[in-house]
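Asks: need the 3D shape of this:
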Amino acid sequence: MSTVASRTFRSSPYRDAAETWSAIVDLLTENRTGDVRAELLGVAGVAASVIADEAPKDAPIVVTCDGPRTRLYCVYADDAVDGADANEDVLGFDALKGDWRISLPCERDDLSWVQSALAQRSSRITARELGVNVAADDATAAATGSLTIDPKGFLAP
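Replies: Coordinates of the predicted model:
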């Protein structure tokens with residue numbers, strides 16, 4: 001089992017959805033500039049829409065990379081104002097190290113347009129329906145929400 005880090009961001013009304021995505025980008029990029037940050041900011045409108053719909057309240061934004069997995073949640077309403085359940089502390093590792101992917105949770109009614117809009121801007125940032133988990137340690141599964149098992153991997157050479 002891989003290591004998992006979790007963070008919870010204060011969203012509306014403490015900050016709007018676009019500001020929430022910006023705070024998430026700051027955490028993930030460790031405030032660095034460059035192509036990765038540009039790619040994350042390039043999907044800001046789509047990500048903000050998902051955040052505004054409160055999709056990451058109970059289903060995390062999942063970040064996978066060559067290191068630990070990161071789950072990002074948001075709190076809303078009084079919980080966002082109070083901030084007691086929030087944890088926006090820096091991570092002790094690079095969450096975008098190596099072959100990274102981000103999976104955004106999305107309402108079923110919006111999934112088609114969100115997936116299409118993300119695909120136009122990034123091959124690493126995808127959306128999945130609320131309630132669908134991101135499979136462990138499989139880049140394809142991170143994008144599709146499914147896992148393929150190769151039974152040959154269990155056989156001794």
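Asks: now stretch 34-42, how far from the centre of its chain.
Replies: Relative to the chain's own centre, stretch 34-42 is displaced by 14 Å; criterion: Cα atoms, centre = their mean, to the nearest Å.
Asks: just the buried residues of that stretch, please?
Replies: Neighbour-count burial for stretch 34-42 flags Arg37, Glu39, Leu40 (criterion: 16 or more other Cβ atoms under 10 Å). Using the backbone N, CA and C atoms, a C-beta is placed for each residue, glycine as well.
Asks: do the same with stretch 16-31
Replies: Ala17, Glu19, Thr20, Trp21, Ser22, Ala23, Ile24, Val25, Leu27, Leu28, Thr29.
Asks: give the contact list for the fourth one.
Replies: Think Trp21. Neighbouring residues of Trp21 by Cβ atoms under 8 Å, 6 or more residues apart in numbering: Ala44, Ala47, Ala48, Ile51.
Asks: repeat that for the last one.
Replies: When contacts are counted by Cβ under 8 Å, 6+ apart, Thr29 touches Val36, Arg37, Leu40, Leu96.
Asks: again, but for the first one
Replies: Applying Cβ under 8 Å, 6+ apart, one finds that Ala17 lies in contact with Ser11, Ala48, Ser49, Ile51, Ala52.
Asks: which residues are in contact with the residue nearest the centre of the chain?
Replies: Nearest residue to the geometric centre of the chain (Cα atoms, centre = their mean): Ile61, 2.9 Å. Applying Cβ under 8 Å, 6+ apart to Ile61 gives the contacts Ile24, Arg71, Leu72, Tyr73, Ile102, Ser103, Leu104, Pro105.
Asks: which helix or strand lies directly C-terminal to the longest helix along the chain?
Replies: Criterion DSSP state H: the longest helix present in the chain is helix 17-29. Next in sequence after helix 17-29, counting helices and strands by DSSP states H and E, comes helix 35-42.
Asks: quick check: end-to-end length of stretch 88-104?
Replies: Terminal residues of stretch 88-104 lie 18 Å apart, using Cα to Cα, to the nearest Å.
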